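Engineer: Structure, please.
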Amino acid sequence: MSSLQALCSGLPLQPLPENQGRWAGVPHAPVRTPGLSPAEEQLALRNALRYFPPDVQKLLAPEFAQELRLYGHIYMYRFCPRIKMRAYPIEQYPCRTKAAAAIMHMIMNNLDPAVAQFPQELVTYGGNGQVFGNWAQFWLVMSYLSQMTEEQTLVMYSGHPLGLFPSSPGAPRLVITNGMVIPNYSSRTEYEKLFAIGVTMYGQMTAGSYCYIGPQGIVHGTVLTVLNAGRRYLGVEDLAGKVFVTSGLGGMSGAQAKAAAIVGCIGVIAEVDKAALMKRHQQGWLMEVTDSLDKCIERLREARRKKEVLSLGYHGNVVDLWERLVHELDTTGELLVDLGSDQTSCHNPFNGGYYPVQLSFSEAQNLMVSDPATFKGLVQESLRRQVSAINRLAKENFFFWDYGNAFLLEAQRAGADVEKKGAKRTEFRYPSYVQHIMGDIFSQGFGPFRWVCTSGDPQDLAVTDQLATSVLKEAIAGGVNPAVKLQYVDNIRWIQEAAKHQLVRSWPVEGTFVSTDMAVQNFVGDAFRGATWVALHNGGGVGWGEVINGGFGLMLDGTQEAEQKAKMMLSWDVSNGVARRCWSGNPKAYEIICQTMRENKGLVVTLPHEVADEHMLQQALWP
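Structural biologist: Take a look at the predicted model:
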């Protein structure tokens, strides 16, 4: 077993570690099918070997070539560390700066087998959200971080550590870009090739920026989404006896079961991978599991009648579950579901992100490699069936939303009936949770945020909980409008319930639509306002080429310098988002930004002028 000190000493070359290949007992990423030409295969091998001196390249070359042929990517399994991978207390990392230790802490958390979806393939969540492209990159990054001073910055290019560069104490210690590819090559097919070759990487939103904190990282967002969906669609504050049906228990989707329990409803979550389902059950995320659709419906009816709080995992395909709910409605007249969504990894539907209902889990894994075209056809047929069932239920008092995972986009591409009559090409008959449910919350200044207790001491975490709760209660006591107060109360409830469930906190991360100015401006603005690290990604929950995301990490150590950075950072990060919402025509954002401008004399924002004369606009466009 390696030590943290050994982990920071660079690539282990003398002697080379034993090649143990893929480990048994842990889930592995589906085999990739990049379709490389012979010349591209040579380039992929050359790019992998560049991390190693010539005297070991001859030994490693056939090994890496075999990985490429077997798995569609060179992961360098030989160099998978033997240390117990987890987030160690920050004081244990052999670093010259506390900021570097915080980054190492987060990297190892992203790769913890209890957290990561496919730990040996360096995939944190979403089926293909990479922390690094291979294990050589991991070793080099840990070495660089251990050497880093307050006058250096580590630069990361899609998993590749470019090196330490002279910098200043006020600059970020780490700058990350992931997947920055020119638009004509930013497609799913091209990505598979480019990743296999080793020149780019899909970092999702928090995998490749080292900010993922496990499925609990999205419990907060899911809790707020379901609470506000109940208010908006059902007109209720109390969700007791209400049924929320969804799918996915792998990475971030594992949060759905715990969120259902916290809001007090009945959550039924389908999952085709028994290992993922049982992992969540063993971790306490799922209260009950069943592989019988009959028992699932029977238990659902019972919980609904008794208004129990329940999270029930169904080991099976969600299409079967949706179609069974339609059958129950059509034969008994009983609508057994109130709210619904989907959290399969539909940004990656043809390589393990979505499994077709026509096949078993193992059959699907084999077919996606042996006959990708047939597999794609079955996936699209399955999506059409799923949407058809949802559409039938939606004719009753049932409400469905897209959870930002590209489900509706892929359903549209599959020919499913998701069009919204009279709407734009990019609008669907069901809303996105960001636009329809969470949009007003974002416009009030509630945005993506999470904090991590790097000491690992539960008492320290309790202190941060108490501080956050006290700030929210003080804000309520000071007087706020009812809509804002409601969100403060929800967040107080979240902190208290999360503590009971032994969770770590997070906020949902918002992606923009077509313009990516906000993400890029956040990235740049956070960098010169004191961020410890900043990240910019092509891709997020909806997939490669569909969105640009910017993010940051900020080390808070109780110093006045850290306090000043936090004030500058959060003022910019929140105000930038609220101002953008203001320009999109959101009246609540307008109200909030005006209030903020009055309170903060250093903030000057160009506010939009109202254009209300519709006739004038029509005359200008069509004289």
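Engineer: isn't there a strand covering G550?
Structural biologist: Yes. Applying DSSP: H, G, I helix; E, B strand; the rest coil, one finds G550 inside a strand.
Engineer: Read off the pLDDT value for D613.
Structural biologist: The model reports D613 with a pLDDT of 57.
Engineer: The one 5 residues further on now?
Structural biologist: The score at Q618 is 58. That number is its pLDDT.
Engineer: And the one 4 residues further on, by the same measure?
Structural biologist: At W622, the model reports a pLDDT of 57.
Engineer: Same question for Y144.
Structural biologist: 94.
Engineer: Just the C-alphas of the helix or strand harbouring it, formatted as CSV.
Structural biologist: Y144 is part of helix 135-147, with elements assigned from DSSP states H and E. Provided in CSV are the C-alpha atoms of helix 135-147 (Å, rounded to 0.1, in the frame of the first residue of the first chain):
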residue,chain,number,x,y,z
TRP,A,135,-3.2,7.3,-14.6
ALA,A,136,0.1,8.9,-15.7
GLN,A,137,-1.6,12.3,-15.6
PHE,A,138,-2.8,11.6,-12.0
TRP,A,139,0.7,10.8,-10.8
LEU,A,140,2.2,13.9,-12.4
VAL,A,141,-0.5,16.2,-11.1
MET,A,142,0.0,15.0,-7.6
SER,A,143,3.7,15.5,-7.9
TYR,A,144,3.3,19.0,-9.3
LEU,A,145,0.9,20.0,-6.5
SER,A,146,3.3,18.8,-3.8
GLN,A,147,6.0,21.0,-5.2
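Engineer: Now stretch 291-298: average pLDDT?
Structural biologist: 97.
Engineer: swap that for stretch 17-31, sorry
Structural biologist: 91.
Engineer: what's the first-to-last distance across it?
Structural biologist: 24 Å (C-alpha to C-alpha, to the nearest Å).
Engineer: which helices and strands does the helix holding Y144 pack with?
Structural biologist: helix 98-110, strand 152-157, strand 160-166 (3 or more C-beta pairs under 8 Å, 6 or more residues apart in numbering; DSSP states H and E). (Each C-beta comes from the backbone N, C-alpha and C, glycine too.)
Engineer: Nearest residue to F118 in space, please, no chain neighbours.
Structural biologist: A29 (4.1 Å; C-beta to C-beta, 6 or more residues apart in numbering).
Engineer: Next, count neighbours for the one you found.
Structural biologist: 21 (other C-beta atoms under 10 Å).
Engineer: Verify the contact between it and G129 for me.
Structural biologist: No. Here A29 lies out of contact with G129, judged by C-beta atoms under 8 Å, at a distance of 10.6 Å.
Engineer: Pull up the overlap in contacts between the two.
Structural biologist: Q117, V123 (C-beta atoms under 8 Å, 6 or more residues apart in numbering).
Engineer: circling back to that earlier point, in contact with the residue nearest to F118: list those residues for me.
Structural biologist: By C-beta under 8 Å, 6+ apart, the neighbours of A29 are Y71, Q117, F118, E121, V123, G127, N128, G352.
Engineer: Distance check, it against E410.
Structural biologist: According to C-beta to C-beta, to the nearest Å, A29 stands 20 Å off from E410.
Engineer: do the same with S158
Structural biologist: From S158 over to E410 (counting by C-beta to C-beta), the distance is 24 Å.
Engineer: do the same with A257
Structural biologist: On the measure of C-beta to C-beta, A257 and E410 end up 24 Å apart.
Engineer: higher neighbour count, these two?
Structural biologist: Legend: neighbour count by other C-beta under 10 Å for A257 and E410, higher for A257 (31 against 24).
Engineer: surely the more buried one meets L310?
Structural biologist: No. Taking contacts as C-beta under 8 Å, A257 lies outside contact range of L310: 9.5 Å.
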